[in-house]
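*Asks:* missing the sequence, but the structure's below:
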């Protein structure tokens, strides 16, 4: 029997109401708006971290087997350019900036490692890295429990080409499987970022380096770090080296620091917009016009011999981890979360192997930590 038109109309109305109510119920499942310094982790991260750790460890073990008499090159930033000593000086700061390491004026010994990301020849375009180890910081500690240790890891480009744990995992699997080309073929945005990140500087001490990943800055705040020359540093810039010198960046720094000191400013940039300045994607730059950088400390590099073979050897024995630090500067975001375990495991392997290559007395002077 055919339904009457009023019955059909009622059924359509009831169906429409049911769909509308279902839609309203679904709205309750949507993620709430992001707030400043908020993290949202993927449930896949533990698996991705474990797989990457094992892939890199296997890669390192193959290198150790092939060349047991050599230090194991880092997975990233393999060429040490220089490892100068420095003093980090924190001035009196306004309340907003006075957090953690920077809460009160003080001076702390530091070691800086400058490196090439992929190339052994300084003349080739490449990304450059800067890792900073600050010692004797009250309240800070390393992932291995070493007290007073605060690390900062920075690159010469403001963003990473692999900005999420998923992209990082795909890149690591491609590299350890000797198929890096496949990663960039399947990740064209990453290829574009990596291409733009390459540079040919004349001086490591006249560059800007960025942390690329975010960090807590006290309670309820997030920042990214930068290191750039001090505004009042009048030291002369290094002259371009001759075309035939594959180590010209090291030699240029050695010449400059043999004649006098240099100054670098450590700066912070506050997250102002949780959507446009994301915590969970390190491939997105935070707009400096919307949130400018503020200087929180100065790194003074005194005159010294950065080409000393013993200093370079000690640098190879060092390992850095963004999780070495003060709780007020805890790392944020997926890239930092997966880096903790990876850097701890592979850094331990590297430093253990390096210690076996040097005399017991020299090995005891090598700082350790966790970093590939």
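*Replies:* All right, it came through fine. Model, not experiment: these values are computed from the prediction.
*Asks:* for the rest of this, base every contact and every neighbour count on C-alpha atoms.
*Replies:* Will do.
*Asks:* how near is the nearest residue in space to residue 290 that is not next to it in sequence to residue 287?
*Replies:* Nearest residue to residue 290, sequence neighbours excluded (CA to CA, 6 or more residues apart in numbering): residue 272, at 7.7 Å. Summarising the geometry, the distance separating residue 272 from residue 287, computed by CA to CA, to the nearest Å, is 9 Å.
*Asks:* and those two? Which one has more around it.
*Replies:* With other CA atoms under 10 Å as the criterion, residue 272 and residue 287 differ in neighbour count, and residue 272 comes out ahead with 19 against 14.
*Asks:* the more buried one is in contact with residue 36, isn't it?
*Replies:* Yes. Residue 272 sits in contact with residue 36 when judged by CA atoms under 8 Å, with a separation of 7.1 Å.
*Asks:* find the residue at the geometric middle of this structure.
*Replies:* Centre of the chain computed as the mean C-alpha position; nearest residue by CA atoms, centre = their mean is residue 153, 4.3 Å away.
*Asks:* surely residue 151 is within a helix?
*Replies:* No. Assigned with DSSP: H, G, I helix; E, B strand; the rest coil, residue 151 falls outside any helix and is strand.
*Asks:* what distance do you get for it to residue 131?
*Replies:* From residue 151 over to residue 131 the distance is 7 Å, taken as CA to CA.
*Asks:* looking at the two now, which is surrounded by more residues?
*Replies:* For residue 151 versus residue 131, the count of surrounding residues by other CA under 10 Å is larger for residue 151: 24 against 21.
*Asks:* now that one: closest residue in space that isn't a chain neighbour?
*Replies:* Distances taken as CA to CA, 6+ apart place residue 133 nearest to residue 151, at 4.7 Å, with adjacent residues excluded.
*Asks:* kindly report the same for residue 311.
*Replies:* Taking CA to CA, 6+ apart, and ignoring the residues beside it in sequence, residue 311 has residue 83 as its nearest neighbour in space, at 7.0 Å.
*Asks:* show me the contacts for the one you found.
*Replies:* Remark: with contacts taken as CA atoms under 8 Å, 6 or more residues apart in numbering, residue 83 is in contact with 111-114, 306, 311-312, 315.
*Asks:* show me how far stretch 281-299 is from its chain's centre.
*Replies:* Taking the mean C-alpha point of stretch 281-299 and that of its whole chain, the gap between them comes to 14 Å (CA atoms, centre = their mean, to the nearest Å).
*Asks:* quick check: buried residues in it?
*Replies:* Taking 16 or more other CA atoms under 10 Å as the basis for neighbour counts, the residues of stretch 281-299 that come out buried are 281-286, 291, 293, 295-299.
*Asks:* cool, and stretch 127-147?
*Replies:* Applying a neighbour-count criterion of 16+ other CA under 10 Å, the buried positions in stretch 127-147 are 127-135, 137, 140-143, 147.
*Asks:* which residues sit against it?
*Replies:* Defining contact as CA under 8 Å, 6+ apart, one finds that stretch 127-147 is touched by 77, 88, 100-101, 108-118, 148-157, 197-199, 209, 320-321, 323-327, 344, 369-370.
*Asks:* mind redoing it with 6 Å?
*Replies:* 109-117, 148-156, 197-198, 324-326 (CA atoms under 6 Å, 6 or more residues apart in numbering).
*Asks:* out of these, list just those in strands.
*Replies:* Counting by DSSP state E, the part of the contacts of stretch 127-147 found in strands is 109-116, 150-155.
*Asks:* which two of those residues have the greatest separation?
*Replies:* Across the ones in strands among the contacts of stretch 127-147, the longest distance by CA to CA is 23.8 Å; it joins 109 and 116.
*Asks:* pull the helix or strand with minimum mean pLDDT from the protein.
*Replies:* Sorted by mean pLDDT, DSSP states H and E, the helices and strands of the chain end with helix 360-363, the least confident at a mean of 49.
*Asks:* okay, strands next: where are they in this structure?
*Replies:* Chain-ordered strands for the chain, with DSSP E as the definition, fall at 79-82, 85-90, 106-116, 128-134, 150-155, 209-210, 215-216, 222-229, 262-270, 294-301.
*Asks:* and the longest one, which strands flank it?
*Replies:* So that's strand 106-116. For strand 106-116, sheet partners with direction are given as strand 79-82 (antiparallel), strand 85-90 (antiparallel), strand 128-134 (antiparallel), following DSSP bridges.
*Asks:* which of these sits closest to residue 231?
*Replies:* Comparing those under CA to CA, the one sitting nearest is strand 85-90, at 15.3 Å.
*Asks:* centre of the chain versus that closest one, how much separation?
*Replies:* Taking the mean C-alpha point of strand 85-90 and that of its whole chain, the gap between them comes to 20 Å (CA atoms, centre = their mean).
*Asks:* please apply the same query to stretch 175-194.
*Replies:* 19 Å.
*Asks:* then stretch 215-228?
*Replies:* What separates the centre of stretch 215-228 from the centre of its chain is 13 Å, taken as CA atoms, centre = their mean.
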